[in-house]
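Participant: Task: produce atomic coordinates for the following.
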Amino acid sequence: MIRALYINSAIATCFIVSILFNHAAFAEDKKESLYTRLGGIYNIAITVDHLVDKLYTNHGLNANPNIKNVHDQIQTKAGFKVWLTNWVAKRTGGPDLYKPDEFGRGKNMKDTHPHLKITDREFDIIMTECLQTFYNFNVPDQEISELMADLQSFRGDIVTNPTPGYKSPYQIEKPYRN
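Facilitator: The predicted structure is shown next:
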């Protein structure tokens with residue numbers, strides 16, 4: 001009887017230990033979302049706020065009359081900051097706040113940008129402003145790599161006025177896209 005009790009106790013102990021080890025292994029395998037690693041919506045919002053201010057005053061972007069027209073409309077800046085914050089939150093694994101509205105905003109990237117006639121060079125200007133903003137806010141290298149790769153993966157959707165033969169300095173090997 002006592003021997004059976006020891007055997008049952010040993011089996012129960014092994015079972016509990018195996019559950020604990022499996023749980024620990026699972027926790028190590030489960031990587032935090034990019035959203036979490038960036039610090040959530042407040043960190044994303046302040047970074048977007050800085051970025052949009054830079055984009056709206058960038059002379060290279062404003063040389064495109066379609067982009068300048070949007071940037072000259074004062075009401076677009078605050079709204080764009082909200083939309084971009086929501087889009088980044090969604091893209092990085094945070095809450096899905098980026099949804100279309102009745103005014104035609106919040107659509108996918110391909111349907112949102114044709115009227116701007118963005119060139120490859122202008123897309124690279126945006127990429128450069130993003131990179132400088134990430135450095136300004138001391139975003140870690142791994143997160144910068146993921147963010148830049150994700151943005152680069154939308155080049156074909158956002159560039160609606162491609163430049164034949166253009167070679168982007170932001171070529172990547174493997175796009176990060178969910």
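Participant: mind listing the helices for the chain?
Facilitator: 2-29, 34-38, 41-56, 59-62, 65-72, 74-91, 109-112, 120-136, 141-152, 155-158 (DSSP state H).
Participant: any idea of the mean pLDDT for the longest one?
Facilitator: Right, helix 2-29. Helix 2-29 carries an average pLDDT of 47.
Participant: where in the protein is pLDDT low?
Facilitator: 1-29, 172-178 (pLDDT under 70).
Participant: From Pro65, how far out is Arg155?
Facilitator: Arg155 sits 22 Å away from Pro65, taking Cβ to Cβ, to the nearest Å as the criterion. (Each C-beta comes from the backbone N, C-alpha and C, glycine too.)
Participant: How about Pro164?
Facilitator: 21 Å.
Participant: which residue sits closest to Gln171 in space, ignoring its chain neighbours?
Facilitator: Gln152 (8.0 Å; Cβ to Cβ, 6 or more residues apart in numbering).
Participant: Am I right that that neighbour is in contact with Met127?
Facilitator: Yes. The pair Gln152 and Met127 qualifies as a contact (Cβ atoms under 8 Å) at a distance of 7.0 Å.
Participant: shared neighbours, the two?
Facilitator: Both Gln152 and Met127 are contacted by Tyr170, under the criterion Cβ atoms under 8 Å, 6 or more residues apart in numbering.
Participant: Could I get the buried residue list for stretch 60-67?
Facilitator: Neighbour-count burial for stretch 60-67 flags Leu61, Asn62, Asn64, Asn66, Ile67 (criterion: 16 or more other Cβ atoms under 10 Å).
Participant: go on, stretch 91-109?
Facilitator: Those would be Arg91, Thr92, Gly93, Gly94, Tyr98, for stretch 91-109 by 16+ other Cβ under 10 Å.
Participant: Repeat that for stretch 135-145.
Facilitator: Those buried within stretch 135-145 under the rule 16+ other Cβ under 10 Å are Val139.
Participant: Send over it as CSV, restricted to the C-alpha atoms.
Facilitator: This file holds the C-alpha atoms of stretch 135-145, laid out as CSV (Å, rounded to 0.1, in the frame of the first residue of the first chain):
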residue,chain,number,x,y,z
TYR,A,135,16.2,56.3,-34.7
ASN,A,136,15.0,59.5,-33.1
PHE,A,137,12.8,57.5,-30.8
ASN,A,138,15.5,54.9,-30.1
VAL,A,139,13.5,52.0,-31.5
PRO,A,140,15.5,48.9,-31.2
ASP,A,141,17.2,47.5,-34.3
GLN,A,142,15.1,44.3,-34.5
GLU,A,143,11.9,46.3,-34.4
ILE,A,144,13.2,48.8,-37.0
SER,A,145,14.0,45.9,-39.3
